[in-house]
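Asks: The following block contains a protein sequence and its predicted model.
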Amino acid sequence: MDLNHTLRRLGYVPVIEIDHADDAVPLAEALLAGGVGCIEVTLRTPAGLPSIAEIVNSGLPMMVGVGTVTHADQVHACVDAGAQFAVSPGYTHAIGRACHDAHLPLLPGTVTPSEVLTALDDGWHTLKFFPASLYGGAAWLKAIHGPIPQANFCPTGGIRDEDIPAYLACPNLAAFGSSAVAPRSMIAERKWHEITERAKKLMAVVRAHRPL
Ligand code: 3PG
């Protein structure tokens, strides 16, 4: 899979914290109904890995990634659960090696040019930019595109609705992520209709810049 190409088509990756794996498939269905074709289920809750397995085994047309991978030891279980890509908040060579060995595409977290060059050196060309709002947001993407145009990014962290058009205008944006469409509390309350409506609203902005 070419992660950059796939993420450019999808445009948006909801970052999910989920408490009950039983909620995973209804959540995925709600997101799909709103035009979202990808999900990053984080390992911040014990229900993360089982939720990934539920969505993958459901056969829904949803690309499923695993987020908050902070140690190489986690990679094997992520592959077993069926994750199609991994996301780490920062980068270590050990995480990179484990993902290479497992043939698991990785979005390694970066915030400095040196971190970007290190990840590129290790063969990762689509990178997470986190926490994006604290490190310069869309202006950072624009600035780094000059000297390092071969890197593509998926920014997350503090991205507000009003920031989205500026991110979508960046040539090095693969996709962007946030928890805004499906916050943990809304999933716990099983507010599927509201999640679909939020997804539709956000994807209308994405599709205005990235028509299918
Ligand atoms: C995260 O990893 O927490 C994501 O970056 C989501 O950030 P947000 O909650 O600010 O959208």
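Replies: Perfect, thanks for sending it.
Asks: For Tyr12, list each beta-bridge partner.
Replies: Phe176 (DSSP bridges).
Asks: neighbouring contacts of the longest helix seen in the chain?
Replies: Criterion DSSP state H: the longest helix present in the chain is helix 192-209. Here helix 192-209 makes contact (Cβ atoms under 8 Å, 6 or more residues apart in numbering) with 11-12, 14, 26-27, 29-31, 33-36, 161, 164-165, 168-169, 180-182, 186-187. Bear in mind the C-beta positions are built from the backbone N, C-alpha and C, glycine included.
Asks: so of these, which ones are in strands?
Replies: Cross-referencing those against strands under DSSP state E gives 12, 14.
Asks: so which of the contacts of helix 192-209 are also by the ligand?
Replies: Among these, the residues within reach of the ligand (Cβ under 6 Å from any ligand atom) are Ala180.
Asks: before we move on, back to that, CA atoms of the longest helix of the chain as PDB?
Replies: What follows is helix 192-209, C-alpha atoms only, in PDB (Å, rounded to 0.1, in the frame of the first residue of the first chain):
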ATOM      1  CA  TRP A 192     -23.900   7.500  16.100                       C
ATOM      2  CA  HIS A 193     -26.200   9.900  14.300                       C
ATOM      3  CA  GLU A 194     -24.400  12.900  15.700                       C
ATOM      4  CA  ILE A 195     -21.000  11.400  14.700                       C
ATOM      5  CA  THR A 196     -22.300  10.900  11.100                       C
ATOM      6  CA  GLU A 197     -23.500  14.500  11.000                       C
ATOM      7  CA  ARG A 198     -20.100  15.800  12.200                       C
ATOM      8  CA  ALA A 199     -18.300  13.600   9.700                       C
ATOM      9  CA  LYS A 200     -20.500  14.800   6.800                       C
ATOM     10  CA  LYS A 201     -19.800  18.400   7.800                       C
ATOM     11  CA  LEU A 202     -16.100  17.900   8.000                       C
ATOM     12  CA  MET A 203     -15.900  15.800   4.800                       C
ATOM     13  CA  ALA A 204     -17.800  18.500   2.800                       C
ATOM     14  CA  VAL A 205     -14.800  20.800   3.600                       C
ATOM     15  CA  VAL A 206     -12.300  18.100   2.700                       C
ATOM     16  CA  ARG A 207     -14.100  17.200  -0.600                       C
ATOM     17  CA  ALA A 208     -14.300  20.900  -1.600                       C
ATOM     18  CA  HIS A 209     -10.400  20.800  -1.700                       C
END
